[in-house]
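Student: A predicted structure for the sequence below; I have some questions about it.
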Amino acid sequence: MGFNSIILEERLSQWKLARERLLRKTGSQEEIQIPDASDICSVEEIELQQPEVLQMNLISMVKSTLLHMSITSCVQRDNESRRFLSRKVSIPPSKIYPYRVSMIFRLVILVFFLRYRVTHPVHNAYGLCKQNITMRMKAAGIHSVLCFLCRSYSEWSDNPNNGCLDTHAHVSKYNQPGKPSGLASVDVFVSTAEPLTESPIVISNTILSILSIDYPAEKISCYVCDEWADRLTLETLSVTCDFARKWVPFCKKFQIEPPSPESYFSQKVDHLKYNTYPTFSKQRRLMKRQYEDFKVQINGLRTKFQDAPSEGWTMKDGSPWPGNDATNHLGMIQIIMDHSRPHGNDSTALPQLVYVSREKRPGYYHNNKAGAMNALVRVSALLSNGTYILNLDSDHYINNSRTFLEAMCFLMDPSNQKICFVQFPQRFEGVDANDWYGNHNTIFYDINLKGFDGIQGPFYLGTGCFFYRKALCGYDPSFEPKILNTRWLDLRKKSPRDNHGHYFSDASDESRSSLLVQDISNLEREFPSSFQSMEICFGQSPLLIASNFVDDDIFSSDATVEEILRAAIHVISCDYEEKTAWGREVGWIYGSQTGDILTSLKMHARGWRSVYCMPVCAVFRRSAPMNLSDRLNQVLFWATGSIEILFSRHCPIWYGYGGGLKPLERVAYINAVIYPMFSFPLLIYCALPAICLLSWKFIITPITVEACVWVMLIVLSIFANGFLELRWSGVSVQEWWRNKQFWVIASVSSHFFAIFQGLFKVMLRSNTKLSTLTRTCDEDSAIEFYKFEWTSLLILPTTLILINLWAVVAMIFSVVVNGYGSFSPLFAQLVFSSSVIVHLQPFLKGFLVRKHNIPAVIILWSLLLAAMFSLLWVRFDPFITRFKGPDVEACGHEC
């Protein structure tokens, strides 16, 4: 046997092994045609062939085999690229269709009941009818219909429950070992509260949870915005980075959940039960001691920077700290931690951490949180230019280390090309088991937002949201900024893009930066009108304009760090946004202290859609308001912002026609801004039954068979609708009831005051400072949760419960004195007053239980208000027919 035959046999054996491995890998049963020795000739015949002929045969066989293998590989890669990463799971028809039928039934009953109330007025309440009270009662009935319409129409959709299909498949597709990660880069924005009102350890835990995320470290950049320019925040971040070099490797090695050390070490679970690492117990005890030392160090910093010296703080080099005056200082940017460590799957790699404090000058309005977020958008575009942006509050830590992968399953899915953001629900900790004040807000997060997800998506909730940067920067789904000249897009359209608008250039990475710099330098000369439009939109920063061409920081690779930081300082100056589209069409939208609704409304009006993702394990957690007073102040802040939007040009009633906003999505936005106005009829509902009991007057028509039928149908529709709603949503009865209770409390307090506060701001165009509700972690949190702290918002609910308690006691005393015959006419009013008392149960506990005692000043103001109202009611009794002249029928001919 010659040498050539030996080579051929070895080649044939290698081809067969390759064929078997390929079949095992693909799982395909199709035969791949690989030449065999019998298909060509025998070994002896091969030896008789000429060397040139043998070489040609070998080359043809190799080409044929490689061609088949390349085709199979291409098909496999194409199938992998087309694989969907997310899915929509609709609610079963057996659950959603009965609920829809109950909604229609309830709507019909409400309409007929409203017709009955209009056609059957109370004749003996003549003054009441003529002096707006009956009109308000009719408005209250209209309120019920409108509230139901807004609620039911927004939930009439298919109610899809979006979920990630497979995060492991996502990792294997975009993050293969030994290759550069294909996952998109993410910039995380963290807005801080005032350091002295919130413990710095809260901010540290939020940052540590971000740095420990299960995502390539080189793809993450964290930006912390310090609105108070406090040195304590910068020192806290520096110390946190030192501890992160110990905590992050520990988390990634042992797959720690949650990645926040405070939450992890406070869990009352057996961490050793299912752990198989032999050194885990020892390293966990060591890490816990190191974290306790870290907390002591953070507390020491808080004590050190609690009282500022008269001459102000100084830096390490002896120069004065620029933020000694929080209202008048230069912009500050410091890269605390850079992408300097090895990338890839190295557990020691840490994301980038940047401290940002924008410039503040007297005479400039800085637009609170929305202005701070827009400053971070511009700074991040220059430093990292992440494709997506995650916005978090300082106390909103990451509870699931695979959060980013959950979001990328939607944002990077080739089937979802119009997603502008992915919103996650807010989950709270530190709430008592009974949840007296509805802190979990499950009706909103688990029912309402599910309904919005089936239309065009939920609106932005202010935190816990992944944005697509291009959508946030004013682009529509076709990636064309409508406010710009279309000629500007010629440069972008020359480059191909992937399924989500990620633009790429045919040039190499090294030459792409120089090409962009050349385009920017020659832009004013070649496209003067387009350059002017782009500057009007994004401001006079060439590097910021260049960042719109790509989804990474390759455009600034040739620039030095000093040049980039100089440009970054420029874009956070207090006058940079003047005569630009920032806050009007680009970034977070100004015009309301709750700019989250305006921001999402702008994007939905351009044709984008959003996604509401509800994983089984909560991805974000935060601290709940400390007590009822804090909770009501929080609701007041939100409701005031809704009133501002209602009376602005961005009101969804008349804004966005001719765009991409769907009709049902518009109804959802209208309900989100008009709900404080419903506090007027609800306040009347809560007060009039008690007043009728005290005055022995009747505001309800005499009980008839027709009236009983309508009332029974109303009650039946309410219970049926509530039961079916709980059935498809999975919300418990206790959670549903606590949310209903707090809705009544908030409506007669925060919503009512928000109407006047919002109108005052709109008419006087006054600006309100950012108020952030904070809490500290201490051992007495369970006791502090039930305290009633002084706030004017508690006066109206306390007055209502005092009036209704007074009325019920007077009714019972009257029945005892006058007999049970007097009970029948006032039975309906007694039921209504008792219902008000049950809904205001937390205030009743404040009266009866010492631990929940209400401040005496609130009780005094409530008694004074109730007494004044009673005197006015007696003076202007609406049930008395005013004498306007002699009654001829009564006096006859003697008149």
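Tutor: In hand now; what should we look at? On a predicted model such as this, the values are computed, not experimentally measured, just so you know.

Student: Can you give me the neighbour number for residue 292?
Tutor: Residues near residue 292, counting by other C-beta atoms under 10 Å, number 12. (C-beta placed from N, C-alpha, C; glycine too.)

Student: quick one, phi psi at it?
Tutor: Note on residue 292: its backbone torsions stand at phi -60, psi -40 [degrees, to the nearest 10].

Student: Roughly how far does it sit from residue 285?
Tutor: Separation of residue 292 from residue 285 (C-beta to C-beta, to the nearest Å) stands at 11 Å.

Student: go on, residue 314?
Tutor: Counting by C-beta to C-beta, the gap from residue 314 to residue 285 is 40 Å.

Student: In terms of neighbours, single out the busier of those two.
Tutor: residue 314 (13 against 10).

Student: got the contact list for that one?
Tutor: 320, 321 (C-beta atoms under 8 Å, 6 or more residues apart in numbering).

Student: how far away is it from residue 322?
Tutor: Separation of residue 314 from residue 322 (C-beta to C-beta) stands at 11 Å.

Student: cool, and residue 577?
Tutor: To residue 322, residue 577 is 21 Å away according to C-beta to C-beta.

Student: helix or strand right after the strand or helix carrying residue 815?
Tutor: Per DSSP states H and E, residue 815 falls inside helix 795-818. Counting by DSSP H and E, the next helix or strand C-terminal to helix 795-818 is helix 827-839.

Student: buried ones in that following helix?
Tutor: Neighbour-count burial for helix 827-839 flags 828, 829, 830, 832, 833, 836, 837, 839 (criterion: 16 or more other C-beta atoms under 10 Å).

Student: any chance of those residues in TSV, plus pLDDT and distance to residue 637?
Tutor: TSV is the format used below for those (pLDDT from 0 to 100; distance: C-beta to C-beta, whole Å):
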residue	pLDDT	distance to residue 637
828	69	37
829	72	35
830	78	37
832	80	31
833	83	31
836	87	26
837	87	28
839	87	23
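
Student: Looking at the residues you listed, which is nearest residue 621?
Tutor: Taking C-beta to C-beta as the measure, residue 621 lies nearest residue 839 of the buried residues of helix 827-839, at 28.9 Å.

Student: tell me the contacts of the closest one?
Tutor: Residue 839 neighbours (C-beta under 8 Å, 6+ apart): 740, 741, 744, 745.

Student: so how far is residue 747 from it?
Tutor: Distance from residue 839 to residue 747, counting by C-beta to C-beta: 10 Å.

Student: picking up where we left off before, of the contacts of residue 839, grab the buried ones for PyMOL.
Tutor: Selecting only the buried entries of these in PyMOL, with 16+ other C-beta under 10 Å as the criterion:
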select buried, resi 741+744+745
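
Student: In helices only, show me the contacts of residue 839.
Tutor: Using DSSP state H, 740, 741, 744, 745 are the members of these that sit in helices.

Student: okay, now residue 658: neighbour count?
Tutor: 6.

Student: how near is it to residue 608?
Tutor: 16 Å.

Student: what do you get for residue 547?
Tutor: 20 Å.

Student: So for the two, which residue has more residues nearby?
Tutor: With neighbours defined as other C-beta under 10 Å, residue 547 and residue 608 compare such that residue 547 has more, 26 against 23.

Student: what ranges do the strands span in the stretch 201-350 of the chain?
Tutor: Remark: strands assigned in the stretch 201-350 of the chain by DSSP state E, counting those that start in this stretch are 220-225, 332-337.

Student: wait, which of the ones you listed is closest to residue 612?
Tutor: Across the strands of the stretch 201-350 of the chain, the minimum distance to residue 612, taken as C-beta to C-beta, is reached by strand 220-225, at 23.6 Å.

Student: which residues sit against the closest one?
Tutor: So strand 220-225 is contacted by 185-192, 203, 207, 210-211, 213, 233, 237, 351-358, 372-373, 375-376, 379-380, 383-384, 386, 404 (C-beta under 8 Å, 6+ apart).

Student: In strands, which of the residues you listed appear?
Tutor: Judged by DSSP state E, the subset of those located in strands is 186, 187, 188, 189, 190, 191, 352, 353, 354, 355, 356, 357.

Student: now the strands for this protein?
Tutor: Under DSSP E, the chain gives strands at 86-89, 161-164, 186-191, 220-225, 332-337, 352-357, 388-393, 396-398, 419-423, 427-429, 465-468, 609-612, 620-623.

Student: List the neighbouring strands of the third one plus their orientation.
Tutor: In this case it means strand 186-191. Here strand 186-191 is paired, per DSSP bridges, with strand 220-225 (parallel), strand 388-393 (parallel).

Student: So which bits of stretch 282-296 are buried?
Tutor: For stretch 282-296, by 16+ other C-beta under 10 Å, it's 284, 287, 291, 294, 295.

Student: Next, check these against the helices and list the overlap.
Tutor: 284, 287, 291, 294, 295.

Student: okay if I get these as TSV plus pLDDT?
Tutor: TSV is the format used below for those (pLDDT from 0 to 100):
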residue	pLDDT
284	92
287	95
291	96
294	96
295	95
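
Student: And those, which is closest to residue 582?
Tutor: residue 294 (38.2 Å).

Student: And the pLDDT at the nearest residue to that closest one once chain neighbours are set aside?
Tutor: Nearest residue to residue 294 in three dimensions, chain neighbours excluded: residue 243, at 4.6 Å (C-beta to C-beta, 6 or more residues apart in numbering). At residue 243, the model reports a pLDDT of 96.

Student: on that earlier part again, how about the ones in helices among the contacts of residue 839, which pair is most distant?
Tutor: Farthest apart among these by C-beta to C-beta are 740 and 745. That separation is 10.0 Å.

Student: The nearest residue to residue 105 once chain neighbours are set aside: what's it in contact with?
Tutor: For residue 105, ignoring the flanking residues on the chain, the nearest one in space by C-beta to C-beta, 6+ apart is residue 717 at 5.6 Å. By C-beta under 8 Å, 6+ apart, the residues touching residue 717 are 102, 105, 106, 109, 110.

Student: List the contacts of stretch 262-282.
Tutor: Here stretch 262-282 has contacts from 201, 205, 253-254, 256-258, 284, 288, 291, 397, 399, 429, 621, 777, using C-beta under 8 Å, 6+ apart.

Student: Kindly provide the distance from the residue nearest to residue 185 when sequence neighbours are not counted to residue 353.
Tutor: Computed as C-beta to C-beta, 6+ apart, the closest residue to residue 185 that is not its neighbour in sequence is residue 386, at 4.1 Å. Distance, residue 386 to residue 353, using C-beta to C-beta: 14 Å.

Student: go on, residue 201?
Tutor: 17 Å.

Student: And those two? Which one has more around it.
Tutor: Neighbour tally, residue 201 and residue 353, criterion other C-beta under 10 Å: the higher count belongs to residue 353, 25 against 20.

Student: My read is that that one contacts residue 207, right?
Tutor: Yes. Residue 353 is within contact range of residue 207, at 7.1 Å (criterion: C-beta atoms under 8 Å).

Student: residues bridging contact with these two, i.e. touching both?
Tutor: Both residue 353 and residue 207 are in contact with 222, 224, 237, where contact means C-beta under 8 Å, 6+ apart.

Student: out of the residues you listed, which one sits closest to residue 411?
Tutor: Closest approach between the shared contacts of residue 353 and residue 207 and residue 411, by C-beta to C-beta: residue 222, at 18.5 Å.
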